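**Q** Provided below for reference: sequence and predicted model.
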Amino acid sequence: MMGSFKMVTPPLPATRFRRQQQITANGDGFPAFLPKEVKNIKDPFARALAQRIVRIPVPLQIGNFRGCVMSSCIKPTVQLHDKSPVVLLHCFDSSCLEWRRTYPLLEQACLETWAIDVLGWGFSDLQKLPPCDAASKRHHLFELWKTYIKRPMILVGPSLGATVAVDFTATYPEAVDKLVLINANAYSEGIGALKELPKSIAYAGVKLLKSFPLRLLANVLAFSSPLSENIDWTNIGRLHCQMPWWEDAMVDFMISGGYNVASHIKLINHKTLVVCSENDQIVSNQLSVKLLCELQNAVFREVSDSGHLPHVENPKHFVKLISDFASGKLN
């Protein structure tokens, strides 16, 4: 896989960003708030994108929580006010590093691009932990959008990230210009009986979810890549699990019941690109077809030679789809 992919050097960040990196980095280019395990990652795309992760203050008032959450994301180097910004979410229990191979190509395509860590995942500062249920994740994304992005966006979500995108769009339609839903896991009805687990059992389950063997198995199902690459990608995918608050945030999400957005789908009239992969072993392509039929204004495209995460395995094809969709060429 690596041998067939031409490495693209991301554009140099703006002066303000370089100044912030000099303050926050440990002399190795990585922000000081990232887990030390980031140094062991081999993937050059992940290493380059990790060096661009920043934290920005997002005001949040949820339940008894009042304050600013220092929220991790990748910021665009420029803002293009004549185009809708592209905002990238990520899969269940993942981070903005999921976009390591797509983000630099989107920038080269002259798209203003943000990669956002959903509340409770990624690399934000959650030592003072806010609620991390679906409603809190939605509210956090809205506050980030209202504070920094401020224009209707092209919201992109893969797998559970598509569920996050549907949930957000149904609640805040004014914040979204278009939707891109990738191998969408939009028909799951929460997390079922798991929400009834005693907290001690929930924490034990979360520790298992963090384990390397389970994560490696998930990667083998998601990617048709050599074992050595899958091992490195497993380390990338579980890097955020080293954050000190991660277990508490995951348990809070589990006992909240998760997402249930199936009833929202027919209410969304935004132009939507439904993307499915030819070889997805995790979400059935039939669910993507069902989603296409239920959305009011959708187009459908399949990505060949990729599994569950086409933006990792086939980024050039995926970026072409995004670029054409953003410019109105896909109908």
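**A** Looks like it arrived, so ask away.

**Q** Looks like Phe92 contacts Ser159 (just checking).
**A** Yes. With contact defined as CB atoms under 8 Å, Phe92 reaches Ser159; the gap is 6.4 Å. Just so you know, the C-beta spots here come from the backbone N, C-alpha and C atoms, and that holds for glycine as well.

**Q** quick one, which of the two is more surrounded?
**A** Taking neighbours as other CB atoms under 10 Å, Phe92 and Ser159 compare with Ser159 leading, 25 against 19.

**Q** Now do the end-to-end distance for stretch 120-136.
**A** 9 Å (CA to CA, to the nearest Å).

**Q** From the chain's centroid, how far away is that stretch?
**A** 14 Å (CA atoms, centre = their mean, to the nearest Å).

**Q** Also stretch 255-271?
**A** Remark: stretch 255-271 is offset 17 Å from the chain centroid, using CA atoms, centre = their mean.

**Q** what does that stretch rub up against?
**A** Contacts with stretch 255-271, where a contact means CB atoms under 8 Å, 6 or more residues apart in numbering, come from 131-134, 160, 163-164, 166-167, 169-170, 173, 176-179, 186-191, 195, 197, 199, 202, 291, 294-299.

**Q** where does the stretch 1-150 of the chain dip in pLDDT?
**A** Within the stretch 1-150 of the chain, the segments meeting pLDDT under 70 span 1-27.

**Q** for it, what spans make up the helices?
**A** Secondary structure of the stretch 1-150 of the chain (DSSP state H, counting those that start in this stretch): helices at 15-24, 44-50, 103-108, 134-144.

**Q** can you redo these as a markdown table with mean neighbour count and distance to Gln127?
**A** Shown next, in a markdown table, are the helices of the stretch 1-150 of the chain (neighbours: other CB atoms under 10 Å; distance: least, CB to CB, whole Å):
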| stretch | mean neighbour count | distance to Gln127 |
| --- | --- | --- |
| helix 15-24 | 12 | 16 |
| helix 44-50 | 20 | 21 |
| helix 103-108 | 22 | 27 |
| helix 134-144 | 21 | 16 |
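
**Q** mind putting these in CSV, distance to Glu37 included?
**A** Converted to CSV, the helices of the stretch 1-150 of the chain look like this (distance: least, CB to CB, whole Å):
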stretch, distance to Glu37
helix 15-24, 17
helix 44-50, 11
helix 103-108, 21
helix 134-144, 25
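
**Q** nearest to Phe33, of those?
**A** Proximity to Phe33 (CB to CB) singles out helix 15-24 among those, at 7.0 Å.

**Q** Skipping adjacent residues, who's closest to Gly237 in space?
**A** Leaving aside its sequence neighbours, Gly237 sits nearest to Arg215 (CB to CB, 6 or more residues apart in numbering; 6.0 Å).

**Q** Secondary structure element holding that neighbour?
**A** helix 212-222 (DSSP states H and E).

**Q** which helices and strands sit right next to that helix?
**A** Where contact means 3 or more CB pairs under 8 Å, 6 or more residues apart in numbering; DSSP states H and E, helix 212-222 is packed against helix 227-237.

**Q** Buried residues, the helix it packs on. List them.
**A** The neighbour-count check on helix 227-237 (16 or more other CB atoms under 10 Å) flags Asn230, Asp232, Trp233, Thr234, Asn235, Ile236, Gly237 as buried.

**Q** got the residue ranges for the strands in the stretch 151-300 of the chain?
**A** 153-158, 176-182, 271-277, 298-303 (DSSP state E, counting those that start in this stretch).
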